[in-house]
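*Asks:* Compute the structure for the input listed below.
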Amino acid sequence: MFKAVQLVLISFLFCISSSAQTDRWQQHINYEMKIDFDVKRHQFKGEQTVVYTNNSPETLDKIFYHLYLNAFQPNSMMDMRSRSILDPSRKIMDRISKLKPHETGYQKIISLKQNGKDLNYHIEGTILEVELAETIAPGTSSTFEMIFDSQVPIQIRRNGRDNAEGVDYSMAQWYPKVCEYDYQGWHANPYIGREFHGVWGDFDVKINIDKKYTLAASGVLQNADKIGRGYADVKRAKSHKGKIEWHFKAENVHDFMWGADKDYVVDSKVFHDGTKVYFAYIPGPKTTDNWKLLPDILDNALEYINANYGKYPYPVYSFIQGGDGGMEYPMATLITGERNIGSLVGVSVHEWMHSWYQMILGTNESLYSWMDEGFTSWASAATMNHLRAKQLIPGDFVPNPHIRSVEGFVRFANTGNDQPLSIHSDHFKTNRAYGVAAYTKGAVCLSQLQYIMGKDVFESALLRYFETWKFKHPNPNDFFRIMELESGLELDWFKEYFVYTRDMADYAVGEVTEQDGKTRIDLMKLEQMPMPLDVTVTFEDGATQLFHIPITLMRGEKKFAKQSVEVLKDWAWTHPIYTIEVDKAVKGVQIDASNMMMDSNRENNVWKK
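*Replies:* Next comes the predicted model:
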């Protein structure tokens, strides 16, 4: 009997351990919103019903909402951060401090109820702090009803009215949004211009707006037969107030965005896999020709992305002209549209790629922006290189599109101004340090793993990561564990150095000595971070040999495809010198001929006789 109980207990603990890896609990939310928009005053009234399901093992006695539009007021945290940081964003600078009352953004809560009971709440900048009338026990749901008033600011950062290209409304971060609660607790981060984290759920949004406007949004338009003008070939519905209702639904997403303009045209195309893709833009000499080229090019891009990074799971996607550059949202993106074709495709590919490395995988961007922006940058570079290879966009195909990221990161790291990836995205000392960490070093992470694991194994692992963790909010441990499982290597050493420190690798070719027809090659480890080495030796007779030196921490070695490689004994990271001995005269030695390793000084990587 005792043994039977032991077996049951062991099985139970194993199930908990296994499920913790792939089935981590997460909250769920349903939004229903009715919006009445006043285009003359740039204001809107909203009615919001939220059904919030607590799937956590904890009982909740409070809840938080993001009120993003409150950031666009003088002396807000976003304003003060922009005016005090060493290198403010050119998009923000001191613009918020100069806003007049009718140019600011705000969200005012008129009423808030939980299951019909009035709630006590407090607004602290961009966060609404709410005391619950009833606790929400594990496995139960609660309904919140809110009435709110909002004003759309002039376009400064991501959302707003009247952007630089004349788009009337870029409606991102526009509604009261429930903050995420996960295994790390509440994430009620003030909005100062960085990244996001959200609860997956379903959105049912009805927007009443002047009938002169055309809308594009996240999700699927429910009443296209009444809307027309790009969505259907019938006239618009009429209403006694001169408004029309646009009704969208988006399922299994963690945000909802829309854009509106009187001059939008909306083109569409069903792509090769059945995804219906919309293109909403203002026609003109700076847009029309290039936007007309986008559908065919992006259809080809999607075919490549689906094959290499996982299949796009939603029925639609919308590219919407608006915002202040490019910003991703579920099933849609806001992009500035007056670009040459290379730039337009580039921003479109990058923002759509975020559907994989944020909208579907859903990492906490605020904490792990490098897993979002960096992975997106890596995959975007490969996709753009593919499009160049097919001559669909200007530019030349290159053998490795990721080398520039490695070189750029090394240059910045050598200035001493970089910071560890473990820093919250809002708290970097400079915008430059954040940008390099999130975009460049995040991309370099994948480049280094490809270098360590081997190209074929790495690509297989990346697909496994997507399939294992889609819709589950993975963290760095989850990602690196998949890399370990696929490669059979231990990679905790790499994660610890790469994520939590500023340490770099620097390997050098030291003394090369010949005696009696044999050659001794000394390699030196000059910096703290250990890395496996690929060393190419060129002999006097012109032949070459590739040597691979694993490190003891890996407990294995890289998998090479179609290359003649001699794998040598492991290099212990504690040892500063490693020696290769060959039975021939040597005329050249090179560490990492691929130029992929993040070596802080490549000048000492080559020895020539």
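*Asks:* Okay, strands next: where are they in the stretch 451-600 of the chain?
*Replies:* Assigned by DSSP state E, counting those that start in this stretch, the strands in the stretch 451-600 of the chain fall at 507-515, 518-525, 533-539, 544-549, 565-567, 577-582, 586-591.
*Asks:* Now mean pLDDT and distance to residue 379 too, for those strands, in a markdown table please.
*Replies:* Where C-beta positions appear, they are placed from N, C-alpha and C, glycine not excepted. Formatted as a markdown table, those follow (pLDDT from 0 to 100; distance: least, Cβ to Cβ, whole Å):
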| stretch | mean pLDDT | distance to residue 379 |
| --- | --- | --- |
| strand 507-515 | 97 | 28 |
| strand 518-525 | 97 | 32 |
| strand 533-539 | 98 | 24 |
| strand 544-549 | 97 | 27 |
| strand 565-567 | 97 | 27 |
| strand 577-582 | 98 | 34 |
| strand 586-591 | 98 | 28 |
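*Asks:* possible to save those strands as a markdown table with distance to residue 109 and mean neighbour count?
*Replies:* As requested, the strands of the stretch 451-600 of the chain are exported to a markdown table (distance: least, Cβ to Cβ, whole Å; neighbours: other Cβ atoms under 10 Å):
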| stretch | distance to residue 109 | mean neighbour count |
| --- | --- | --- |
| strand 507-515 | 58 | 16 |
| strand 518-525 | 59 | 18 |
| strand 533-539 | 59 | 20 |
| strand 544-549 | 61 | 16 |
| strand 565-567 | 64 | 13 |
| strand 577-582 | 64 | 15 |
| strand 586-591 | 61 | 20 |
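*Asks:* who wins for proximity to residue 37 among the ones you listed?
*Replies:* strand 533-539 (59.2 Å; Cβ to Cβ).
*Asks:* Starting from that closest one, tell me which strands it pairs with and how they run.
*Replies:* strand 544-549 (antiparallel), strand 586-591 (antiparallel) (DSSP bridges).
*Asks:* Not counting sequence-adjacent ones, nearest residue to residue 131?
*Replies:* Once flanking residues are discounted, residue 131 sits nearest to residue 120: 4.6 Å by Cβ to Cβ, 6 or more residues apart in numbering.
*Asks:* what about the one you found, neighbour count?
*Replies:* 10 (other Cβ atoms under 10 Å).
*Asks:* phi, psi of it?
*Replies:* phi -90, psi 140 (degrees, to the nearest 10).
*Asks:* Over to residue 407?
*Replies:* phi -60, psi -40.
*Asks:* ok, and the closest non-adjacent residue to it?
*Replies:* Residue 407's closest residue in space is residue 595 (Cβ to Cβ, 6+ apart), at 7.7 Å.
*Asks:* is it true that the one you found touches residue 403?
*Replies:* Yes - counting by Cβ atoms under 8 Å, residue 595 touches residue 403, with 5.5 Å between them.
*Asks:* what ranges do the helices span in the stretch 201-350 of the chain?
*Replies:* 224-227, 288-309, 341-353 (DSSP state H, counting those that start in this stretch).
*Asks:* re the thing from before, got the strands of the stretch 451-600 of the chain as CSV, with distance to residue 471 columns?
*Replies:* Formatted as CSV, the strands of the stretch 451-600 of the chain follow (distance: least, Cβ to Cβ, whole Å):
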stretch, distance to residue 471
strand 507-515, 41
strand 518-525, 42
strand 533-539, 37
strand 544-549, 38
strand 565-567, 39
strand 577-582, 45
strand 586-591, 42
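*Asks:* Which among the ones you listed is found nearest to residue 266?
*Replies:* strand 533-539 (50.7 Å).
*Asks:* how far off strand 518-525 does the closest one point, in degrees?
*Replies:* Per axes from the mean of the first three to the mean of the last three Cα atoms, to 10 degrees, the angle that strand 533-539 makes with strand 518-525 is 150 degrees.
*Asks:* Quick one: residues in contact with strand 533-539.
*Replies:* The contact list for strand 533-539 (Cβ atoms under 8 Å, 6 or more residues apart in numbering) reads 451, 507, 521, 523, 544-549, 558, 571, 580, 582, 584-594, 597.
*Asks:* and what of stretch 403-422?
*Replies:* Counting by Cβ under 8 Å, 6+ apart, residues outside stretch 403-422 touching it are 368, 370, 377-378, 381, 428-430, 432-433, 436-437, 440-444, 447, 498-502, 504, 595-600.
*Asks:* Quick one: mean pLDDT for it?
*Replies:* In this model, stretch 403-422 has an average pLDDT of 98.
*Asks:* buried set for it?
*Replies:* 405, 406, 408, 409, 410, 412, 413, 418, 419, 421 (16 or more other Cβ atoms under 10 Å).
*Asks:* Which one of the residues you listed is nearest to residue 256?
*Replies:* Nearest member of those to residue 256, counting by Cβ to Cβ, is residue 421, at 29.4 Å.
*Asks:* Not counting its neighbours along the chain, what's nearest the closest one?
*Replies:* Residue 421's closest residue in space is residue 499 (Cβ to Cβ, 6+ apart), at 4.7 Å.
*Asks:* Tell me, how many residues neighbour that neighbour?
*Replies:* Neighbours of residue 499 (other Cβ under 10 Å): 18.
*Asks:* Contacts only, for it.
*Replies:* 420, 421, 422, 476.
*Asks:* Can you give me the end-to-end span of stretch 316-336?
*Replies:* 20 Å (Cα to Cα, to the nearest Å).
*Asks:* Output the contacts of residue 499 as TSV; include the columns distance to residue 245 and secondary structure.
*Replies:* Shown next, in TSV, are the contacts of residue 499 (distance: Cβ to Cβ, whole Å; DSSP: H, G, I helix; E, B strand; the rest coil):
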residue	distance to residue 245	secondary structure
420	49	coil
421	45	coil
422	46	coil
476	44	helix
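*Asks:* Redo these as a markdown table? Include distance to residue 66.
*Replies:* Shown next, in a markdown table, are the contacts of residue 499 (distance: Cβ to Cβ, whole Å):
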| residue | distance to residue 66 |
| --- | --- |
| 420 | 26 |
| 421 | 24 |
| 422 | 24 |
| 476 | 24 |
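*Asks:* List buried residues within the contacts of stretch 403-422.
*Replies:* Buried, going by 16+ other Cβ under 10 Å: 368, 370, 377-378, 381, 428, 432-433, 436-437, 440-444, 447, 498-499, 504, 596-600, out of these.
*Asks:* In helices only, show me these.
*Replies:* 377, 378, 381, 432, 433, 442, 443, 444, 447, 498, 499 (DSSP state H).
*Asks:* Would you mind confirming that the second one is in contact with residue 442?
*Replies:* Yes - using Cβ under 8 Å, residue 378 and residue 442 qualify as a contacting pair, with a distance of 7.5 Å.
*Asks:* and for those two, which residues touch both?
*Replies:* By Cβ under 8 Å, 6+ apart, no residue touches both residue 378 and residue 442.
*Asks:* tell me the contacts of residue 513?
*Replies:* 519, 520.
*Asks:* typo on my end, it should be residue 464
*Replies:* Taking Cβ under 8 Å, 6+ apart, one finds 482, 485, 486 in contact with residue 464.
*Asks:* Could you report the neighbour count for the nearest residue to residue 278 once chain neighbours are set aside?
*Replies:* Excluding the flanking residues, the one nearest residue 278 by Cβ to Cβ, 6+ apart is residue 318, at 4.2 Å. Using other Cβ under 10 Å, residue 318 has 25 neighbouring residues.
*Asks:* Is residue 529 in contact with residue 503, as I believe?
*Replies:* Yes - Residue 529 is within contact range of residue 503, at 4.3 Å (criterion: Cβ under 8 Å).
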